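1. Coordinates only, no sequence provided:
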Ligand SMILES: [Zn+2]
């Protein structure tokens, strides 16, 4: 079943239609396909375009700390490929949220706003991280498409 993410505040559509990637051995292997180090690829998106991966805290702890989103709350358990976000999302303007080595690292917390101004999630985009968007469960909802 496909679904898309929406803003709870204004009902704007935040992602394209996405399919669930089960947290099966295949799902895990998708997130474990590259080791940090000299030979890693420049852009690392563990979730393929058009997919959403449902993770849990236990799953996340199996991976090196520097390679995972570090602000995952127990209820924020979906990872999305950032290229699946719609144009209603934009970066938070505060400069302190734009720190990172050579990309925004998201380590200061949620950094993506809906067009209505609601904080809806965190994008991790620095070179040492997995490139994912993690929606805030309390501020968003899924609707079947
Ligand atoms: Zn909104």
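-> Okay, I see it. Fair warning: this is a prediction, and the values are worked out from it, not measured in the lab.
2. Contacts only, for residue 10.
-> Listed by CB atoms under 8 Å, 6 or more residues apart in numbering, the contact set of residue 10 reads 114, 115, 116, 118. The way it works is simple: take the backbone N, C-alpha and C, and place the C-beta from them, glycine included.
3. which parts of this structure sit against the ion?
-> 7, 9, 10, 12, 114, 116, 118 (CB under 5 Å from the ion).
4. Could you look up the SS state of the third one?
-> Judged by DSSP: H, G, I helix; E, B strand; the rest coil, the three-state class of residue 10 is coil.
5. can you pull up the bridge partners for residue 52?
-> For residue 52, the beta-bridge partners are residue 20, residue 80 (DSSP bridges).
6. what ranges of this protein fall below the confidence cut-off?
-> 22-44, 56-76, 95-98, 128 (pLDDT under 70).
7. Okay, strands next: where are they in the protein?
-> Residue ranges of the strands in the chain, as given by DSSP state E, are 2-7, 18-21, 51-54, 78-80, 90-91, 112-113, 119-124, 132-135, 140-144.
8. Rebuild the ones you listed as CSV, extending it with mean neighbour count.
-> Formatted as CSV, those follow (neighbours: other CB atoms under 10 Å):
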stretch, mean neighbour count
strand 2-7, 19
strand 18-21, 18
strand 51-54, 19
strand 78-80, 25
strand 90-91, 12
strand 112-113, 21
strand 119-124, 24
strand 132-135, 26
strand 140-144, 15
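9. among those strands, which is nearest residue 103?
-> For the strands of the chain, proximity to residue 103 was assessed by CB to CB; strand 119-124 is nearest, at 8.5 Å.
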